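1. Generate a structure from the sequence data that follows.
(3 chains, ligands or ions: 2)
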Amino acid sequence: MCDVIWCKKEVDGSPCETVNYLDPFCFWNWEGTINCAECRTVYYIHMIQGHMYKGPEERPGEEPDTSPLYADKPLEGYRNYMFATEGRTRPFECMPRSFLLGEADMVKFSIRGKPVRGWRPQPESAGIAGSFPYHWDIQNLSPDVWEEYQEKIRKGEVSDW
Amino acid sequence: MSKKKDPRVTRIEDLAGPKSPGELEEMKMPYEEYCRQAFDPGNEAKKPESLKGIRWLSCTMYIFTPHSAANLAELGAEVIKIEIPRMGDAMRHTSPFNEAYLYPLHESRPMTGTGLGFTNANINELYLTMDYHIPEMVDVFYGLVKMSDGLTELYRPGTLDKWKMSYKYLQEINPRFIYVWGGGFGYGPKVFGGSYDILGQAHAGLASITGMHEYMGGHATKCTNWVIDWASGTIITYGVLAAIHWRRKTGLGTMLEVSQVQTPTRFMGYSVPLYGRFGIVRQRWGNWDTQLCAHGIILCGKSDYPDADNPQEKFDARYVMVSAFNDPDFQELCSVIGRKDLWDNYPRHKQRLEAEAQIEVYDALEQWAADKTRTEVSDALNNAGILAYNVKNHREVYESEHLRQRGTIRWLDDPLFGDLLTHCTYSTGLMSKSPRRLKWQWRPVGADNVKIYRDMLGIPVSQVEDWYEKAWI
Amino acid sequence: MAQEKRDVEINSIQDSLDMLTPEIRPWPVTPPPSAEEVSTQVYTKRKAEDFLGWVEDNVKFEKSFGKAEALAGLKVLDIGLWRLGHKFAASMLAEAGAEVVCIEPPGGDPLRQLTPFGREEYMLADQETGEKCGIEFIAEMVNQYAITLDVDTEEGQQVFRELAANADVVIEALPPGYADERGIGYRHLKDLNPGLIYAWTGIRGQWGPDKDRLSKHGQWEIEPFACASNAWIHSTGYPQDQLPRGKGGDPTRAGVWIADYVAGEQVAVNIMAALYWREEFSGEGQFIEVTGAEALMDITDFDMTWYGFNKSIKARTGAWDPNLNQYEWNPCKDGYMMIGGQSDRLWYRIGMCIERDYPQFGRLIHEDPYLKEMGARNALHALIKTYTLTTRWLRDINRVQAEEALLEYEIAAGPVLFVDEVCEFPHFKYRPWIYNCESDYGTFLYPTSPNAYQFDTPHRLKWVGRRLGKDNGEIYSKWVGYGPTRLAELKTEGVI
Ligand SMILES: [Zn+2]
Ligand SMILES: [Zn+2]
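-> Ligands and ions are numbered 1, 2, ... in the order given. Predicted coordinates:
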């Protein structure tokens, strides 16, 4: 295998069976050592134009130069290692925040503290054939959010900018 | 026969200036103040709309063709967006890293939202659903055509023709109709090739000249946003407005066949003619400029916000745009960074523009900046009277007093979705008398079905409900 | 055609320049397919030969001339230096038939002197006078008349007012307040000509705390300053996680002055909207201002809205898009290959195509429960996995092979093409998107306007740039009635 290292290292009598993904721009031309995210076996690889020119060769006892960004285990329902799993996968620095959710962020208030309809489920408010009124009647539809908003105003957590 | 005027005589009509006290006030005003008052950000809604009375059908998806119609809606046209029942535009199902949605998408799906990928491409529009495949719908569609000025569609060439909804048919129904097909390629060998923004960037050459050169370690680079989608959409809007102008005189519509993939080639300046004349294939030149030096972006040693939580601030507040290509500016720059030898070696622009010289110049700049933060660098240069500007991030754009005063960053109290920060519409251009405006960002799929089927086309509610049950609308 | 062979020794660029001319190295190198071939081999595949035949009959590029021009009679003045935004707007209006006059100072727009890497040998000579001009300037002067006028002189200002009194539109791209100080700004002209539509365009604005600046020595701000001011550069480029910082993993500008083009087209749109409002409703002109920073910001997707939602700062994602999967390019055997298809239907078709050559792909992608839902596929880890495996397929094949394979499955896919490949791509030659113009500077290959394919009023290129002041005689006579002697006087005084 090439842009992936499908690790078959024997661990406690059975093969590791972890797929380590070598992301294309980083590894397109690359030489060094990399660990398996699961069993931490260190492999030497030398890739040229995306091809594994040398390796993967085990390098027992060596510290890896890098780690895969992502790895998963096809035989175990695709159990996976996300990026930035300490000692296993490489952190991904260039992110929009210090963390990524990977799923919908439930947001009730904008960054200046005013209500925004960024959470689910929303109470029913449609009329005939899926039509919606012009306005969001937040006071009646989501009184709890409206109340929270009043509280934020009282606490001075709502601003113009 | 000299037409020179007698310098001793000053006639009031010769003066460009004021003719009344009110005008005098206006003429005395500092220019900045005059501009601010002329554009008067924040009060756009009180002024008339440019395209009042134009009605447009947007049978579109993604960004390219939707933006061509949204542009009209910003200018005051009434735009009806027609979407697939229940699902809507595919763009509603896109959101950065799957994280940001506004709910609901449609009344039947309270747990599904419209992703922020949909932002700004369909503003101020009415939302209708219709399945064009249903033969019964064709007549309904014709009704809309009779009441409208034109439409934009993006289906595979020939698709709407099969349903008798191409310009071939519609020009008979409404000779004033302006019909736009927008897609990837248009007639020709790749006519059935689909299209996306990124395909345009790749296929038309823009990617091949964007990014770091191979020797700098780089790859062909994608421009961040769907810039070719949006920019080609604007090309359509322009084509439509020119066609409307022509129609005012002649009463005749037209059909435009616009290929998005072509747009980036048109944006490539000297690239194509240079190839045509000399066979030279333009390459990537990273953060520098092929025609000006010094005129490029440099990496500074330190971030402006080393302790910030957000990695975008912590790691990337390190880049400055530096520009000093005219002789005195370049000389000044060399002295600020303590490299007068560069000025001695490259006193002429032509000399410092050579590739080897550029490498030396930017290398010297980055060495000088290696122990400085971004703002230390830009301050040092600005204080010396040289042009330099921090490469800003989105927080800094949000906090820009300049953009706030101009109203080009502002908060929208969206009637249906609440508090949304907005960077669109007003930023497209200030107009003193009939300005653009943003009324709402978007509405759920089919949100205006009754408004259009019943109120505009006179279809009984029971019929509308029946179609809805059958998922025809 | 008989081909003459000769031995050439190349020691410098000078030795090869003669051989690079279009006469010796013609475009296109190979002809595009014929209409007949396209109809029978392509259109018939979807039984669209009748419809597309009808389309070709009516919108074909070659039929543009002889059709009407949408903006015939519209008179436009354009004044500005250094930048492309105002020039692009002016070109767009001129392509649709407006009479556009570009005003330069008697010394010419410095843009005329710009040439890649300072190579004078890549400048083109006017065929009558031999005057040299940079290609970019020539390319961005479509259908425009070139006149000279020094608006720093009092007389020049008066001439400008006379010209503007006669115009429908003025496009101005001078530094903030420059025209106003000289009594030729909007507030002066609107009284002379109440119907005048006046559009200023620049980098960040002619007013406001961060308006456009000049350096101490008078140097202008030029693109990509606009792209730096609106976070566009911040979020373009490869992340440092894919390429090391300083070696490709940095915020990156566009190869071209992109904000100029984006602002320029919105200048044209706003002018057209103002024109409609004038003709239809008010009879009045108005004042317009479009900046590169803001017009480009308008189209930066959801970026600022996302910041307002939860303080997200859009990061660089290289050639991958964070919103759609698949939607990217990745390296392949001979370059880069772009693949797109996000809906379930297209997603599985991409998989079917790739697994034909690389069965492992089908297994690892289609079995994975985390990749089954459309939205969930946009998570970063899903992109990493999908694109690693896609590239595993691509590394063994060329762009053409990948394109053919993917098109068979009706996937939107395309190669990253270099400029020569763009000019020779069969579809582009067929329409043609690239075309030769017999210009004042000789054969000039240009990209056609995307609005050139229309039933009734196609936009078209008639000529490209002209030498400095070429049209002084004609334009000053037609617009303000100056005869040859008056022009000679103005010339002597240095006004034109
Ligand atoms: Zn392992
Ligand atoms: Zn817009």
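2. and residue 91, how many neighbours does it have?
-> Reading this off chain A. 13 (other C-beta atoms under 10 Å in any protein chain shown). Where you see a C-beta, it was placed from the backbone N, CA and C, and this is true even at glycine.
3. try again with chain B
-> 24.
4. That one is in contact with B:T65, isn't it?
-> No. Counting by C-beta atoms under 8 Å, B:M91 does not reach B:T65; the two are 10.8 Å apart.
5. so what sits against both of the two?
-> With contacts taken as C-beta atoms under 8 Å, 6 or more residues apart in numbering or on different chains, not a single residue reaches both B:M91 and B:T65.
6. what sits up against whatever helix or strand C:C353 lives in?
-> Here C:C353, judged by DSSP states H and E, is contained in helix C:344-357. For helix C:344-357, contacts defined as C-beta under 8 Å, 6+ apart pick out C:325-326, C:339-341, C:361-363, C:365-366, C:374, C:377, C:389-390, C:393, C:396-397, C:405-406, C:408-412.
7. Where does the prediction get shaky in chain A?
-> Across chain A, the ranges flagged by pLDDT under 70 are A:1-2.
8. For it, list the residues in contact with ligand 1, please.
-> Neighbours of ligand 1 within chain A, by C-beta under 5 Å from the ion: A:C7, A:K9, A:C16, A:T18, A:C36, A:E38, A:C39.
9. For chain A, which residue occupies the most central location?
-> Geometric centre of chain A, nearest residue: A:G102, 5.0 Å, by C-alpha atoms, centre = their mean.
10. Am I right that that one is in a helix?
-> No. Counting by DSSP: H, G, I helix; E, B strand; the rest coil, A:G102 is not part of a helix but coil.
11. so what's residue 109 closest to, chain neighbours aside?
-> As the question left the chain open, I've gone with chain A. Nearest residue to A:F109, sequence neighbours excluded (C-beta to C-beta, 6 or more residues apart in numbering or on different chains): A:P115, at 6.0 Å.
12. Hmm, no, I was thinking of chain C.
-> Nearest non-adjacent residue to C:D109 (C-beta to C-beta, 6+ apart): C:L81, at 5.1 Å.
13. tell me the pLDDT at the one you found?
-> Model confidence at C:L81, given as pLDDT, is 97.
14. contacting residues for it?
-> C:L81 makes contact with C:E104, C:P105, C:D109, C:P110, C:L111, C:A173, C:L174, C:W220 under the criterion C-beta under 8 Å, 6+ apart.
15. Ligand 1 versus the closest residue to the last one other than its chain neighbours, what's the distance?
-> To tie it back to what came earlier, the one meant is C:W220. For C:W220, ignoring the flanking residues on the chain, the nearest one in space by C-beta to C-beta, 6+ apart is C:W82 at 4.9 Å. Counting by C-beta to the ion, to the nearest Å, the gap from C:W82 to ligand 1 is 59 Å.
16. can you count the residues close to C:W82?
-> 19.
17. quick one: which helix or strand includes it?
-> With DSSP H and E as the test, C:W82 turns up in no helix or strand.
18. For ligand 2, see how far away the residue nearest to C:D109 is.
-> On the measure of C-beta to the ion, C:L81 and ligand 2 end up 28 Å apart.
19. list the buried ones in the helix ranked longest in chain B?
-> Counting by DSSP state H, the longest helix found in chain B is helix B:227-250. By 16 or more other C-beta atoms under 10 Å in any protein chain shown, the buried positions in helix B:227-250 come out as B:227-247.
20. related to what we said a few turns ago, tell me, how many residues neighbour the residue lying closest to the residue nearest to the centre of chain A once chain neighbours are set aside?
-> Nearest residue to A:G102, sequence neighbours excluded (C-beta to C-beta, 6+ apart): C:A379, at 3.8 Å. By the measure other C-beta under 10 Å, the count of residues near C:A379 is 22.
21. can you tell me which of the contacts of C:L81 are in strands?
-> C:E104, C:A173 (DSSP state E).
22. Can I get the contacts of C:L81 in JSON lines including neighbour count, pLDDT and distance to C:Q144?
-> Shown next, in JSON lines, are the contacts of C:L81 (neighbours: other C-beta atoms under 10 Å in any protein chain shown; pLDDT from 0 to 100; distance: C-beta to C-beta, whole Å):
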{"residue": "C:E104", "neighbour count": "22", "pLDDT": "98", "distance to C:Q144": "11"}
{"residue": "C:P105", "neighbour count": "18", "pLDDT": "98", "distance to C:Q144": "16"}
{"residue": "C:D109", "neighbour count": "23", "pLDDT": "98", "distance to C:Q144": "12"}
{"residue": "C:P110", "neighbour count": "17", "pLDDT": "97", "distance to C:Q144": "17"}
{"residue": "C:L111", "neighbour count": "23", "pLDDT": "97", "distance to C:Q144": "13"}
{"residue": "C:A173", "neighbour count": "30", "pLDDT": "98", "distance to C:Q144": "14"}
{"residue": "C:L174", "neighbour count": "23", "pLDDT": "98", "distance to C:Q144": "17"}
{"residue": "C:W220", "neighbour count": "23", "pLDDT": "97", "distance to C:Q144": "21"}
